[in-house]
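# Pasting the sequence and the predicted coordinates here, then a few questions.
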Number of protein chains: 2
Amino acid sequence: MRADYQKDGLLIVISGPSGVGKGTICSALRQRLPELTYSVSATTRAPREGEKEGVNYFFKTVPEFKKMIEHDELIEWAQYVGNYYGTPRRFVEETLKSGKDIVLEVEVQGALQVKQRFPKGIFIFLLPPTMEDLKKRILHRGTETEESLADRLGVAIDEFKQIHHYDYVVINDEVERACDRIEAIIMAEHCRKDRLILSQG
Amino acid sequence: MRADYQKDGLLIVISGPSGVGKGTICSALRQRLPELTYSVSATTRAPREGEKEGVNYFFKTVPEFKKMIEHDELIEWAQYVGNYYGTPRRFVEETLKSGKDIVLEVEVQGALQVKQRFPKGIFIFLLPPTMEDLKKRILHRGTETEESLADRLGVAIDEFKQIHHYDYVVINDEVERACDRIEAIIMAEHCRKDRLILSQG
C-alpha cells in the first residue's frame, strides 16, 4: 500500500473589496511561489504602457469579448468603469488537469460566479485590518474624489456581506504576513483528507 | 470596523498508527514552534532515565490514575502494554481559554475519544509513505519479534480505517516536510472564515 496526495491542481480564488490590495498580494505571491500558475484575465480595456498580451491580460475588442461570453468561454466576467474583464475558462481547466494549482485574482462578484462552477475551489477573502485602512488605501491611489470614495466604500460594505461564501479570511495587515497565510492555506488544502489516495504497491 | 481572528486557541491532535513517527514529529515541532503548548500525558508506567515529572509525563500510581478516570479528569485514556496513558483535561481547557494552541500526540483510539469532546479540534493523521516504511520503522526499534510485528501491522491496518474521522493527512516522508505541513495546517486553520471577528472601532 502506498499513500499519496491527489495529483490534480487546486483552484485558489483570491478576492475581496477593491482597494484591499489584491494586486499587491498577488504580485508578491508570484515572486514567492513561482511554481503556481496565475490566471490571465481577458479585458476590453486598452493596454497600459508596458503591459503585454498574454502576460498581464488578453486584450480583446468588445465584440470579441461578447463572443467569449456567448460561447461560455469565461468562468466569470464583469463590467467595470465601462470595460469588460473576465477569466478564460480553458486555461484554468487545462492547468488544473495538468496537476498544477492556479490562482485567480477576482472581484467579489466574479468570485461568486467562479464558485457556482468550481464549488471545490479554495475561496480566500482579503480584508483590510480596519475600514480606516481601506479608506486610506483607496485615497492613496489618488484617483478618487470624496464622492467616489463614498461610493467605493459603500460597495466594499456590500461586498463584505458576501464573506460567508468564502472558506478563509486573510487579513492584509502586512503583505508578507498575508502571503504567509495564503501559502499556508494552499499547503494545508493539499493535505486535506479527501485528497489522500491509497494505492497498491 | 475592525477585523481580527478569534483569540481562543486551537486544539491540534496529532495521531496515527504507532510506529509512524508521531514522537519524532512532535519533538521536531516543539523545536520549530516553541510558541505552541504541548500537552503532557499522565501515565502509570515507571519513569525512564532522564524523564521528568510534568515535562515528559505526569507519573501516577494505578489507583491515582483510576481516580482520574472516575472523576472525568482525562479527555482520553487507554491501556497499552499493561500501563495506563491519558491526557489530563484541565491543562488542555485552560490552555485553550488563554488563547494558546495546544498540541496533543495521541494514539488513534485516544484521538477518537478527544473528538467526542472537542469536535472542533483539528485532527491530523500521520501516515507512512508506504506500508513497507511502517514495517521498517517498527523493526528498526528492534523490540519486535516476527510475531509481534505481524500484530502491530494488523493493528495499524485497523487504525487506518479510522482515517475518515480526521481532517488532514500528513504523509511522513521526511520529518521537516511533515512539520512544514503541520505548521501550514495550523496557520491555515487560524484563517478559517468562522474564526473571523468583526468589531466596531
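Perfect, thanks for sending it. Numbers count the residues shown, from 1 in each chain, chains lettered A, B, ... in the order given.
# counting contacts, what elements does the helix or strand of chain A with the lowest mean pLDDT pack onto?
Lowest by mean pLDDT, DSSP states H and E among the helices and strands of chain A is helix A:131-140, with a mean of 78. For helix A:131-140, the packing partners by 3 or more C-beta pairs under 8 Å, 6 or more residues apart in numbering or on different chains; DSSP states H and E come out as helix A:146-160. Where you see a C-beta, it was placed from the backbone N, CA and C, and this is true even at glycine.
# other SSEs contacting the helix it packs on?
Checked by 3+ C-beta pairs under 8 Å, 6+ apart, helix A:146-160 has helix A:131-140 packed alongside it.
# Tell me the buried residues in the helix it packs on?
Neighbour-count burial for helix A:131-140 flags A:Met131, A:Asp133, A:Leu134, A:Lys135, A:Arg137, A:Ile138 (criterion: 16 or more other C-beta atoms under 10 Å in any protein chain shown).
# gap between the second one and A:Leu127?
What it means is A:Asp133. Distance of A:Asp133 to A:Leu127, given as C-beta to C-beta, to the nearest Å: 9 Å.
# The last one too?
Distance from A:Ile138 to A:Leu127, counting by C-beta to C-beta: 14 Å.
# Next: A:Arg192.
23 Å.
# same thing with A:Arg177?
13 Å.
# repeat for A:Leu134
For A:Leu134, the distance to A:Leu127 - C-beta to C-beta - is 9 Å.
# Common neighbours of these two, please.
Both A:Leu134 and A:Leu127 are contacted by A:Val20, under the criterion C-beta atoms under 8 Å, 6 or more residues apart in numbering or on different chains.
# Spell out which parts of chain A neighbour chain B.
Residues of chain A found near chain B (C-beta under 8 Å from any C-beta of the partner chain) are A:1-5, A:125, A:127-131, A:163-164, A:166-171, A:180-181, A:183-189, A:191-193, A:195-196.
# Would you agree A:Glu73 is in contact with A:Thr87?
No: contact criterion C-beta atoms under 8 Å: A:Glu73 and A:Thr87 do not qualify, at 9.8 Å.
# which of the two has more neighbours?
Using other C-beta atoms under 10 Å in any protein chain shown, the more surrounded residue of A:Glu73 and A:Thr87 is A:Thr87, with 23 against 16.
# OK, contacts around A:Leu112?
Counting by C-beta under 8 Å, 6+ apart, A:Leu112 makes contact with A:Gln162, A:His165.
# host element of it?
Element membership for A:Leu112, per DSSP states H and E: helix A:108-117.
# List the pairing partners of the next helix or strand after that helix within its sheet, with orientation.
Later in the chain than helix A:108-117, the nearest helix or strand by DSSP H and E is strand A:122-127. As defined by DSSP bridges, the strand partners of strand A:122-127 come to strand A:11-15 (parallel), strand A:168-171 (parallel).
# And the ones you listed: which comes nearest B:Thr43?
The closest of the strands paired with strand A:122-127 to B:Thr43 is strand A:168-171. By C-beta to C-beta, the value is 38.3 Å.
# quick one: buried residues of the helix or strand following that closest one?
Using DSSP H and E, the helix or strand that follows strand A:168-171 towards the C-terminus is helix A:175-190. With burial defined by 16+ other C-beta under 10 Å, the residues of helix A:175-190 counted as buried are A:Ala178, A:Cys179, A:Arg181, A:Ile182, A:Glu183, A:Ala184, A:Ile185, A:Ile186, A:Met187, A:Ala188, A:Glu189, A:His190.
# helices or strands next to helix A:175-190 in the packing?
Using 3+ C-beta pairs under 8 Å, 6+ apart, helix A:175-190 sits against strand A:11-15, helix A:22-32, strand A:122-127, strand A:168-171, helix B:175-190.
# Would you mind writing the CA trace of it as CSV?
Written as CSV, here are the backbone C-alpha positions of helix A:175-190 (Å, rounded to 0.1, in the frame of the first residue of the first chain):
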residue,chain,number,x,y,z
VAL,A,175,2.0,42.0,2.6
GLU,A,176,4.5,39.3,3.7
ARG,A,177,2.3,38.2,6.5
ALA,A,178,-0.7,37.9,4.2
CYS,A,179,1.3,35.9,1.8
ASP,A,180,2.5,33.6,4.6
ARG,A,181,-1.2,32.9,5.3
ILE,A,182,-2.1,32.2,1.7
GLU,A,183,0.9,30.0,1.3
ALA,A,184,-0.1,28.0,4.4
ILE,A,185,-3.7,27.7,3.2
ILE,A,186,-2.6,26.2,-0.1
MET,A,187,-0.2,23.7,1.6
ALA,A,188,-2.9,22.8,4.2
GLU,A,189,-5.5,22.3,1.5
HIS,A,190,-3.3,19.8,-0.3
